[in-house]
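Asks: A predicted structure for the sequence below; I have some questions about it.
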Amino acid sequence: MTELVYEVKNLTKVFEAGFFRTSKIVALNDVTFNVDKGDVLSIVGESGSGKSTLAKILLKLEKPTSGKIFYKGVDLNEVDNKRYWREVQAVFQDPYASFNPVHRIDRTLKAPLKNYFNHLSERDIYSRIKEVLEFVGLKPEETLGKYPHQFSGGQLQRIMIARALLVDPEVLIADEPVSMIDASLRIEILNLLHDINVKRGITILFITHDLSLASYISNKILVLYRGEIMEFGDSEEVVENPLHPYTQLLMSSIPQVDRRFDRKLEIELEKIEEVNLVGCVFQPRCPYARSICINTKPGLINIKPNHLVRCHLYGESQG
Ligand code: SF4
């Protein structure tokens with residue numbers, strides 16, 4: 001029996017911009033999906049897709065304009081912040097910005113334990129820190145006592161992950177965690193996230209612009225474009241059988257993968273971006289656009305039990 005960690009229902013986030021707050025920017029529009037315990041769900045999209053806004057809302061750092069999120073069956077608004085921020089930990093893109101440069105690593109690692117487990121003795125704190133550092137592939141004797149500038153980006157990201165693990169989280173929200181790391185080290189961090197999921201049973205939400213990373217690490221993929229879900233399903237299904245033209249476009253940008261989709265779509269990358277708020281948001285870039293796509297917003301439809309797509313190419317959908 002699967003256990004739900006998140007139920008996200010009709011989530012919408014609109015930012016007001018401009019001097020008189022007259023312009024509206026729709027960051028997320030009617031986003032609905034579930035996350036099961038033990039999932040590694042990748043949320044994939046380019047910049048401006050709304051993926052980081054979604055991460056911030058899930059981290060309770062931003063409030064949605066409308067819609068609901070249930071965390072383990074309880075309305076997220078009702079969940080105690082302190083408890084939530086222990087159970088749901090974040091790892092961000094820039095490991096350098098995540099540390100105070102004048103604090104030794106020890107101080108950074110002790111802080112969350114002192115905050116959440118203030119009954120622990122100094123000895124217990126250090127033994128927990130050492131165990132977690134070893135789990136993330138770092139030698140405690142070569143890590144403790146040093147300052148952030150003495151580490152590489154990859155090592156700092158491991159320390160960030162260790163800090164998140166110290167407080168026994170149930171969910172890890174990783175927002176582009178490898179995008180600022182040397183390409184040669186990315187797979188190591190992805191493998192570490194995989195171990196965290198398998199060995200510690202932690203549910204992971206992996207936010208990325210890179211579909212190849214998503215397919216490497218996750219069991220489910222959700223593709224966002226301009227704040228709307230374009231495609232959602234089991235990773236294997238989405239990668240092997242991408243249905244939405246946007247997912248196919250993302251597939252075509254992965255080197256050395258199946259190039260079935262590249263010819264017509266790569267040309268579309270050159271197109272100037274516009275957004276169609278009435279019809280399909282992808283319509284200005286879509287080589288398959290038809291008149292219905294300009295005037296009618298496609299709904300998200302089930303193609304298979306674990307594969308949904310938002311596109312008029314796949315039958316009638318409800319706006
Ligand atoms: Fe392209 Fe139309 Fe499908 Fe949108 S609904 S992705 S414009 S075919």
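Replies: Structure's in. What do you need? Numbers count the residues shown, from 1 in each chain.

Asks: what's the burial count for the residue of the stretch 101-250 of the chain found nearest the ligand?
Replies: Residue of the stretch 101-250 of the chain nearest the ligand, by CB to the nearest ligand atom: P245 (4.6 Å). (Each C-beta comes from the backbone N, C-alpha and C, glycine too.) Counted with other CB atoms under 10 Å, the neighbours of P245 add up to 26.

Asks: same check, this time on the one 3 residues further on
Replies: Applying the criterion other CB under 10 Å, we find 18 residues in the vicinity of Q248.

Asks: what helices or strands is the helix or strand that it is a member of leaning on?
Replies: In the assignment (DSSP states H and E), Q248 maps to helix 245-252. If contacts are counted by 3 or more CB pairs under 8 Å, 6 or more residues apart in numbering; DSSP states H and E, helix 245-252 sits against helix 211-217, strand 220-225, strand 228-234, helix 262-268.

Asks: which of the residues in the next helix-or-strand element following the last one are buried?
Replies: Of the helices and strands lying after helix 262-268 in sequence (DSSP H and E), the nearest is helix 291-295. Burial within helix 291-295, assessed by neighbour count using 16 or more other CB atoms under 10 Å, is assigned to C293.

Asks: and the helix or strand following helix 291-295, does that touch the ligand?
Replies: Using DSSP H and E, the helix or strand that follows helix 291-295 in sequence is strand 300-304. No: using CB under 6 Å from any ligand atom, strand 300-304 never reaches the ligand; the gap is at least 10.9 Å.

Asks: Please work out which residues outside strand 300-304 touch it.
Replies: 32, 229, 232-233, 237, 243, 308-310, 314-315, 317 (CB atoms under 8 Å, 6 or more residues apart in numbering).

Asks: Repeat that for stretch 109-119.
Replies: By CB under 8 Å, 6+ apart, stretch 109-119 touches 82, 86, 120, 125, 128-129, 133, 159, 162-163, 166-167.

Asks: could these go into JSON lines alongside neighbour count?
Replies: JSON lines is the format used below for the contacts of stretch 109-119 (neighbours: other CB atoms under 10 Å):
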{"residue": "K82", "neighbour count": "10"}
{"residue": "R86", "neighbour count": "17"}
{"residue": "L120", "neighbour count": "15"}
{"residue": "I125", "neighbour count": "17"}
{"residue": "R128", "neighbour count": "19"}
{"residue": "I129", "neighbour count": "21"}
{"residue": "L133", "neighbour count": "23"}
{"residue": "I159", "neighbour count": "23"}
{"residue": "A162", "neighbour count": "23"}
{"residue": "R163", "neighbour count": "23"}
{"residue": "L166", "neighbour count": "22"}
{"residue": "V167", "neighbour count": "17"}
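
Asks: So which of these sit within helices?
Replies: Among the contacts of stretch 109-119, the residues falling in helices (DSSP state H) are 82, 86, 125, 128-129, 133, 159, 162-163.

Asks: Grab the two from the residues you listed that are most spread out in space.
Replies: K82 and L133 (25.0 Å; CB to CB).

Asks: re earlier: if you average pLDDT over each of the helices and strands packed on helix 245-252, which is lowest?
Replies: Of all the helices and strands packed on helix 245-252, mean pLDDT reaches its minimum on helix 262-268 (a mean of 42).

Asks: Could you report the distance from the residue nearest to I57 when sequence neighbours are not counted to the ligand?
Replies: Spatial nearest neighbour of I57, excluding adjacent residues (CB to CB, 6 or more residues apart in numbering): P64 at 5.3 Å. As judged by CB to the nearest ligand atom, to the nearest Å, P64 and the ligand stand 25 Å apart.

Asks: Up against the ligand, what does the stretch 151-300 of the chain have?
Replies: 245, 280, 282-283, 286, 288-289, 293, 298.

Asks: those strands in the stretch 1-150 of the chain, which residues are they?
Replies: Secondary structure of the stretch 1-150 of the chain (DSSP state E, counting those that start in this stretch): strands at 4-17, 23-36, 40-44, 66-71, 74-75, 88-91.
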